[in-house]
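Show me how the following folds:
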Amino acid sequence: MAMQRVSRGKVEAVTVFRAGAAVTRQISLEGLGADVRELRIAPLPLALDDDSVRLTGEGVEATELHVVLTPVDADPDLPPPEDEALEAARLAEAAAEARVETCVQALAALEKLGLEPRAFPEEGPRGIPMQPRLALVAFRRERQEALHAELRARREAHRKAKEERRALEEAKRRATTARQTRPNELRKGVDVRLAGPPRGTLRLSYRVPGARWVPSYALRFDAALERVVVEARAHVAQRSGEDWADAALTLSTASPEAWTELPDPPAIRIGRRQAAPKRRGWREPPQGADALFADYDRAFPAPSPRSSVVPTTGAAPEPRMELEEESADDDVFADLLEEPRAERPAPKRAKKRGRAREDRAGAPPPPAAPAPAAAPMPPMPLQAPMPAEGRARSSSLFGFGSSGAPGAPAPQAVTMAAEPPPPEPELVAPDDLLAFGRLRLAPPKSAPRRGSLRLAGRAERYRDALVADGRRVDFDLERVLGQAAERARSLATPPPDTLTPETEDGFDYAFPVAHPMDVPSDGAFHGLPLARAEVDARPRFVVVPREADEVFRFVELDNPLEGPLLRGPADVYLDGRYLLTRALRPIGPGERLELGLGVEQAIKIARNTRYREESAGLMGRSLELVHAIEIDVTNHLPGPALVEVRERVPTTREGEDDIEVRVDEVRPAWESWEPPDRALEGGHRWRVRVESGATERLEARYVVRIAGKHELVGGNRRER
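Prediction:
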């Protein structure tokens, strides 16, 4: 039965990877005849990966699947190749332009309609009377006014027609690339052979290039920075050649494919060593397979090459019947000695041995004139063993010495004959030859390779399928497929600061989109919501008054989403207003996220220091440098604020025993602090809760004790 063409069905699900996407279509088999066994699912994207095509059935079983090229017919779901509205707009613009040109030409002709000057009062023809002159001037003025008014109206109509045409062209330019541009445009199809009557549904999955996604986020804080809504967004772009309409999307951080060597541990057995088992799915080619074509060679003999017969006037020369044998011996000699054949002289005894063998074989005596050259013998297959006669010739060849006498072997020949023959290499099939669906049997006409399987290329398989459908292919299929893949990968530039998701710590994650989405095949990035969750936030304010009096806002929150937060930009909103954009680092589910939100102007810091020097020790030999620090923290926020004030006390280096630093008094108590990213000595911090409208004072006093005759480098006063 003929191939039944069915619709490509509906896009059911799409998984978008870092580069590329896996598409799953659902094809209904309802309405097909009970005797239908072969289906063609088309049209499909031209850039799809043939190796990724998979087919599953519900209520039906498929036994065979092939990816082919097929010209698409008119698809009612796609716009027509020529837009009628655009064509009508172009015609209207051309007509309006022609009307404007007609009016301009009429005005130019009217300008040429002038009056001759009146003749001087002398003898000659009389001039035109005044009345006709006035009538002509009035006619030209009225006509010019009418033409100018009509020209303005026609130019306005031409402008509107041009704007309409440009608008339609712009709409067509922005239209999806899934538009069918030509009726005979090539697309891919899948030929399916069913095991029974068509019923139920088929699910076809395949992978296409030209798809990509990048993540971004939005953090919406309330005015008190105590609650935050985390929104995960994705920007998806694809130019696969088909629109994804109402499809369930899944966004994955993984690559669509990766090379992994599967382990194949050998079995460990105790006992005598046995030969390794043969590889499954592979058999060595049979011996003597060329003999199967003997009947074909007799029925269709190869044409003999033409040779020119040169007449001779003298005695007939001996026929050179030893050339083939000589070349055979030469080939053996070349293989063993690894020397170029053209650089060795032909053996002198080969001619006599050749004639002797011909006589022993019962060959007729040589003719009087040279006969046309016979057709060359077909080459011996590589799998066939060397004939016994050939082996005897090789042995006799190496039995002669350099002088040509029998029994005087050459030293090199003796050495080579004494060595045992190397073992034949084991035939190991490459992985490509195990793809049985791509293997082709060479035809009988190709004598060197007939009877053997060869791997057919992609373009060859496509061409065979098109020829089988009665199509003629006069162009390079590989180039067409390469251009399709290149077009699919030409995507637009992603949004600013966005990054392609990567594998974190060897793990990948897939983000399912909650609702079905539409993604056109235009190559542009389209934003869509990915996830949304609300969580408590823990604000705090950090200030280092020793360096600056600006108070910086920091917010800590736990990742509320079920999946990780990937690397990407996050738009921060405070009480509904845009604040800033920060770059997020990868955060796992439930992990803590800390964000800096800039300077908080509603918290004021005032830092004052006092310094004095006192004598200490016996006889006043020591000097104490007393430093007092006072910090006032004022909160003008509508709610309480947790403020972290960081300070640093001078420290001594190792070996400086004559310098002592001690902290005398701190109100309220502080704690030691070290930054997590670098080493810092002498760091301390206060963590105080300041109510709205209140002021909190922080005090600290430390003393640096040195020898009375010494002075610190940079001055004794450490605080300014």
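
Distance from the chain centre to the longest helix out of those in the chain, please.
In the chain, assigned by DSSP state H, the helix with the most residues is helix 130-173. Its chain's average C-alpha position is 55 Å from that of helix 130-173, according to CA atoms, centre = their mean, to the nearest Å.

That helix - contacts with which helices or strands?
Counting contacts by 3 or more CB pairs under 8 Å, 6 or more residues apart in numbering; DSSP states H and E, helix 130-173 packs against helix 84-112. Every C-beta, even on glycine, is put in place using the N, C-alpha and C of the backbone.

other SSEs contacting the helix it packs on?
So helix 84-112, by 3+ CB pairs under 8 Å, 6+ apart, packs with helix 130-173.

Run through the chain and note the low-pLDDT ranges.
Scanning the chain for pLDDT under 70 picks out the ranges 1-3, 73-83, 114-128, 174-184, 277-285, 303-434, 470, 504-505, 617-620, 708-720.

What are the buried residues along the next helix or strand after the longest helix of the chain?
For helix 130-173, the following helix or strand on the C-terminal side (DSSP states H and E) is strand 186-194. Residues of strand 186-194 classed as buried by neighbour count (16 or more other CB atoms under 10 Å): L186, R187, K188, G189, V190, D191, V192, L194.

re the thing from before, specify the angle between the longest helix of the chain and helix 84-112 in degrees.
Relative orientation of helix 130-173 and helix 84-112, computed by axes from the mean of the first three to the mean of the last three CA atoms, to 10 degrees: 160 degrees.

returning to what we had before: with distance to G588 added, can I get the buried residues of strand 186-194 in JSON lines?
Listed next are the buried residues of strand 186-194 as JSON lines, based on distance: CB to CB, whole Å:
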{"residue": "L186", "distance to G588": "46"}
{"residue": "R187", "distance to G588": "43"}
{"residue": "K188", "distance to G588": "40"}
{"residue": "G189", "distance to G588": "44"}
{"residue": "V190", "distance to G588": "40"}
{"residue": "D191", "distance to G588": "46"}
{"residue": "V192", "distance to G588": "43"}
{"residue": "L194", "distance to G588": "47"}
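
burial measure for A157, as a count.
For A157, the neighbour count with other CB atoms under 10 Å is 17.

Double-check it against A98; I have them as touching.
No. In this structure, A157 is not within contact of A98 by CB atoms under 8 Å, at 11.4 Å.

Now do P132: how many residues are near it, please.
Neighbourhood size, P132 [other CB under 10 Å]: 10.

Next up, the contacts around it.
Neighbour list for P132: empty [criterion: CB atoms under 8 Å, 6 or more residues apart in numbering].

Give me the distance between it and A146.
From P132 across to A146, the span is 21 Å (CB to CB, to the nearest Å).

and what of R438?
To A146, R438 is 78 Å away according to CB to CB.

of these two, who's got more company?
For R438 versus A146, neighbours defined as other CB under 10 Å are more numerous around R438 (17 against 11).

thought the more buried one was touching E460?
No. Counting by CB under 8 Å, R438 does not reach E460; the two are 9.6 Å apart.

can I assume R582 is in contact with V572?
Yes. Here R582 lies in contact with V572, judged by CB under 8 Å, at a distance of 6.2 Å.

Tell me which of the two has more neighbours.
V572 (20 against 16).

Could you spell out the sheet neighbours of the helix or strand harbouring that one, each with its direction?
Using DSSP H and E, V572 sits within strand 568-574. Strand 568-574 pairs in its sheet with strand 211-221 (parallel), strand 577-584 (antiparallel), by DSSP bridges.

what about R646, how many neighbours?
19.

Look at the closest residue to S240 other than its chain neighbours and say how many residues are nearby.
Once flanking residues are discounted, S240 sits nearest to V208: 4.2 Å by CB to CB, 6 or more residues apart in numbering. Residues lying near V208 (other CB under 10 Å) number 26.

which residues does V208 contact?
V208 sits next to G20, A21, V23, P45, A47, L48, D49, Q238, S240, G241, A488 when contact means CB under 8 Å, 6+ apart.

Make TSV out of those residues and add distance to E257.
Shown next, in TSV, are the contacts of V208 (distance: CB to CB, whole Å):
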residue	distance to E257
G20	8
A21	12
V23	15
P45	17
A47	15
L48	14
D49	9
Q238	18
S240	17
G241	20
A488	16
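
Tell me how this protein divides into domains.
84-116+134-173, 438-486 (automatic domain parsing).

The longest one spans what distance, first to last residue?
In other words, domain 84-116+134-173. 15 Å (CA to CA, to the nearest Å).

can you give me the helices in this structure?
84-112, 130-173, 294-299, 323-337, 350-360, 388-398, 411-418, 458-468, 477-489.

Assess the claim that A435 and R454 are in contact.
No. Contact status for A435 versus R454: not in contact, 11.9 Å apart, counting by CB under 8 Å.

Out of the strands paired with strand 568-574, which gets nearest to T56?
Using CB to CB as the criterion, the shortest distance between T56 and the strands paired with strand 568-574 is 22.1 Å, found for strand 211-221.

tilt between that closest one and helix 477-489?
Using the same axes, to 10 degrees: strand 211-221 against helix 477-489 is 0 degrees.

just to revisit the earlier point, any chance of the strands paired with strand 568-574 in CSV, plus distance to A108?
Putting those into CSV (distance: least, CB to CB, whole Å) gives the following:
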stretch, distance to A108
strand 211-221, 59
strand 577-584, 61
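
returning to what we had before: just list whatever residues bridge to the residue nearest to S240.
A21.

what does R454 give?
Note on R454: beta-bridge partners by DSSP bridges are R440.

was I right about it contacting R438?
No. The criterion here is CB under 8 Å, and R454 misses it with R438 at 9.5 Å.

where along the stretch 601-720 of the chain do the strands fall?
603-616, 622-635, 641-648, 660-667, 671-672, 683-690, 695-707 (DSSP state E, counting those that start in this stretch).

and of those strands, who's closest to D222?
strand 641-648 (14.7 Å).

Which positions in that closest one come out as buried?
Burial within strand 641-648, assessed by neighbour count using 16+ other CB under 10 Å, is assigned to A641, V643, E644, V645, R646, E647, R648.

farthest-separated two in the residues you listed?
So, the buried residues of strand 641-648 by CB to CB: farthest apart are A641 and R648, at 22.7 Å.

circling back: need the winner for burial among the strands paired with strand 568-574.
strand 211-221 (a mean of 23; mean count of other CB atoms under 10 Å).

For that strand, C-alpha coordinates in CSV please.
The C-alpha coordinates for strand 211-221 follow below in CSV (Å, rounded to 0.1, in the frame of the first residue of the first chain):
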residue,chain,number,x,y,z
ALA,A,211,17.3,27.1,21.1
ARG,A,212,18.6,28.8,24.2
TRP,A,213,17.4,30.2,27.5
VAL,A,214,18.9,32.5,30.2
PRO,A,215,17.6,33.1,33.7
SER,A,216,16.8,36.4,35.5
TYR,A,217,15.1,37.3,38.8
ALA,A,218,13.1,40.0,40.5
LEU,A,219,13.2,40.6,44.3
ARG,A,220,10.3,42.7,45.6
PHE,A,221,10.8,44.0,49.1
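
which residue packs closest to G241, ignoring adjacent ones?
Closest residue to G241 apart from its sequence neighbours, by CB to CB, 6+ apart: P45 at 4.1 Å.

okay, and the common contacts of R582 and V572?
With CB under 8 Å, 6+ apart, R582 and V572 have common neighbours L595.

re the thing from before, against Q131, how distant is the residue nearest to G241?
Distance, P45 to Q131, using CB to CB: 82 Å.

doesn't E226 make contact with L574?
No. Look at L574 against E226 with CB under 8 Å: they stay out of range, at 12.0 Å.

So for the two, which sits in the more crowded spot?
L574 (17 against 13).

Thought N635 was touching G693, still the case?
Yes. Using CB under 8 Å, G693 is in contact with N635, at 6.7 Å.

If you count surrounding residues, which of those two has more?
Of the pair G693 and N635, N635 is the one with more neighbours under other CB under 10 Å, namely 24 against 10.
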